[in-house]
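Peer 1: Show me the folded form of this:
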Amino acid sequence: MSKNSSKEALTTTALFALLEKSQSLETFFIDHGDELPSISLPDYLNFLLERHQMTKQAVIRAANLERSNGYQIFNGYRTPRRNALLRIALGMYLTLDETQYLLKLALRGELYPRNRRDAAVIYCIQHRFNLIDTELMLEQLGEEMLE
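Peer 2: All right, here's what the predicted structure looks like:
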């Protein structure tokens with residue numbers, strides 16, 4: 001079987017399994033980045049829901065998103081803004097690697113520690129802050145909120 005044929009044979013489920021078994025996101029890309037097609041944003045969000053054992057409704061509530069907008073993001077009908085993705089990441093208590101990959105998939109720019117606001121968000125993610133605590137931290141620092 002040619003290499004292209006094996007690419008086509010991989011299912012989304014198989015891609016998720018490879019991603020889950022990887023030591024880190026970087027390892028996943030090193031090991032499989034050239035041979036795997038991209039995962040869609042809605043597929044990745046649904047994978048994260050499964051991994052974190054959460055429902056769309058619970059995440060939308062925790063992320064303080066408008067209900068219809070949240071469902072449109074999860075179902076792929078709306079391209080989310082960066083702040084909406086960060087709110088989802090905080091609402092799901094994603095790891096930094098999961099958050100960075102989420103931002104990368106949506107083409108929304110990964111968090112950059114040399115940026116003061118991004119550094120604060122990274123800190124909050126690493127310390128498992130919820131959305132409210134993150135917003136309070138950003139407000140105390142005089143940084144733009146995640147609205």
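Peer 1: Alpha carbons of the helix or strand hosting F16, as PDB, please.
Peer 2: Using DSSP states H and E, F16 sits in helix 12-21. Coordinates of each C-alpha in helix 12-21 appear next as PDB, following Å, rounded to 0.1, in the frame of the first residue of the first chain:
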ATOM      1  CA  THR A  12     -10.800  10.500  12.600                       C
ATOM      2  CA  THR A  13     -11.000   8.000  15.500                       C
ATOM      3  CA  ALA A  14      -7.600   6.600  14.600                       C
ATOM      4  CA  LEU A  15      -6.200  10.200  14.500                       C
ATOM      5  CA  PHE A  16      -7.600  10.900  18.000                       C
ATOM      6  CA  ALA A  17      -6.200   7.700  19.300                       C
ATOM      7  CA  LEU A  18      -2.700   8.600  18.000                       C
ATOM      8  CA  LEU A  19      -3.000  12.100  19.500                       C
ATOM      9  CA  GLU A  20      -4.100  10.700  22.900                       C
ATOM     10  CA  LYS A  21      -1.300   8.200  23.100                       C
END
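Peer 1: Let me know the angle separating the next helix-or-strand element following that helix from helix 12-21.
Peer 2: The helix or strand immediately downstream of helix 12-21 is helix 25-32, counting by DSSP H and E. Angle, helix 25-32 to helix 12-21, by axes from the mean of the first three to the mean of the last three Cα atoms, to 10 degrees: 130 degrees.
Peer 1: Tell me the pLDDT of the residue most central in space within the chain.
Peer 2: Among the residues of the chain, the one closest to the centroid is L102, at 2.9 Å (Cα atoms, centre = their mean). pLDDT, L102: 95.
Peer 1: same question, E147
Peer 2: For E147, the model assigns a pLDDT of 87.
Peer 1: got a pLDDT number for the spatially closest residue to it that is not a sequence neighbour?
Peer 2: Excluding the flanking residues, the one nearest E147 by Cβ to Cβ, 6 or more residues apart in numbering is N83, at 6.7 Å. To be clear about C-beta, it is placed using only N, CA and C from the backbone, and glycine gets the same treatment. What the model reports for N83 is a pLDDT of 98.
Peer 1: what's the neighbour count on N83?
Peer 2: 14 (other Cβ atoms under 10 Å).
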